[in-house]
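Enquirer: Structure of the sequence below:
(one chain, ligands or ions: 2)
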Amino acid sequence: MTILDIRDRIAQAESVTVLTGAGISADSGVPTFRGEEGLWKNFRPEQLASPQAFERDPTIVWEWYNWRRELLSTKEPNAAHKALAELENHIKHFWLITQNVDGLHPAAGSTKLSEIHGNIWKVRCTNCGNIQPNHDVPIAILPHCNDCKGLLRPHIVWFGESLDQQDLDQSFQALRSCEVLLIVGTSGVVYPAASFAPIAKQDGAFVVELNLDPTPHSDLVDISIQGRAKDLVPLLLPM
Ligand code: BJW
Ligand code: ZN
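Expert: Ligands and ions are numbered 1, 2, ... in the order given. Model prediction:
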């Protein structure tokens, strides 16, 4: 089966769900997490991306997020983000689940999506829970809530934290009901997203993986194609 056969399969489907990870934004110059050039090569996840780290030293955590916000402010959606934004117009029941917090999917025009790990361009009050968009680069350290003066944190799901229940419900519904699940650029090791491919497969979806390298899911999916997201995803748009 070739990528063009997959395109035909998608064109005929009434329901398509897509799961993306850092690999789709790698083609926009955004660093991934794992691998040779990944963020976790230089930073220990538990020292920066955990509620304990923020409690211990919110300034260091905010400095890391400021560095990433600065980097991301120079990046733009690539051909893969744009193709997925276009694809949602062609499929009756379409849902995009992204683990990415970079905001490049909405920037490309995607509207039917769950950002299950949050969004780096939003802040949340640790006191009143209020969520606000915030595009300051850099953000003033330490930022405080306009309403209650509580400390603001990035609106991101850190290790050990639960995902938003509405995002989870929406995602599971989309995974259980789709004819095709397309997985793009994720290493497939972080839960609960790591369980999405087996769930969709069990419920009868045709599962396609597009990734630069093989992943723990490559043997489970119906077809795994190796290559860059920006080259492969646009080929899936209906003619
Ligand atoms: C290309 C490419 C190109 C490159 N084209 N491809 C069950 C079992 C075991 C552990 C757990 C479990 N349930 C929960 C856990 C704990 C934990 C977890 O999963 N840990 C694992 C590491 C084992 N999960 C959680 O804590 C989650 N919470 C939760 O489940 O709550 C309930 C609960 C809690 C505790 C115990 C039990 C239950 C929350 C997870 C939140 C993850 N957050 C992060 C960081 C946010 C910080 C930030 O960004 O500011 O989100 S982790 C990091 O990994 C980030 C990503 O979204 C996520 C996934 O990474 P992704 O996208 O796959 O990137 P990479 O870098 O790993 O892979 C890139 C891929 O692209 C590679 O495959 C490349 O080949 C490919 N690629 N260039 C195509 N051009
Ligand atoms: Zn507040």
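Enquirer: could you pull out the helices for this structure?
Expert: Assigned by DSSP state H, the helices in the chain fall at 3-12, 22-26, 45-48, 51-56, 58-72, 79-87, 104-108, 165-177, 196-202, 229-232.
Enquirer: helices or strands next to the last one in the packing?
Expert: When you say that, I think you mean helix 229-232. Judged by 3 or more C-beta pairs under 8 Å, 6 or more residues apart in numbering; DSSP states H and E, helix 229-232 is in contact with helix 22-26, helix 79-87. Every C-beta, even on glycine, is put in place using the N, C-alpha and C of the backbone.
Enquirer: So what touches the longest one?
Expert: Spelled out, it's helix 79-87. With contact meaning C-beta atoms under 8 Å, 6 or more residues apart in numbering, helix 79-87 is reached by 10, 16, 18, 20, 24-25, 27-28, 77, 94, 96, 104-105, 107-110, 184, 229-234, 236-237.
Enquirer: Could you list which of the residues you listed also contact ligand 1?
Expert: Restricting the contacts of helix 79-87 to those near ligand 1 by C-beta under 6 Å from any ligand atom leaves Asp27, Ala229.
Enquirer: Quick check on the contacts of helix 79-87: which are buried?
Expert: If you count burial by 16 or more other C-beta atoms under 10 Å, the buried members of the contacts of helix 79-87 come out as 10, 16, 18, 20, 24-25, 27-28, 77, 94, 96, 104-105, 107-108, 110, 184, 229-230, 232-234, 236-237.
Enquirer: which of those residues are close to ligand 2?
Expert: The subset of these within reach of ligand 2, by C-beta under 5 Å from the ion, is empty.
Enquirer: hmm, back to that, so which of the helices of the chain gets nearest Val137?
Expert: helix 58-72 (5.1 Å; C-beta to C-beta).
Enquirer: same for that closest one, what does it pack against?
Expert: Packing contacts for helix 58-72, counted by 3+ C-beta pairs under 8 Å, 6+ apart, involve helix 45-48, helix 51-56, strand 118-125, strand 152-156.
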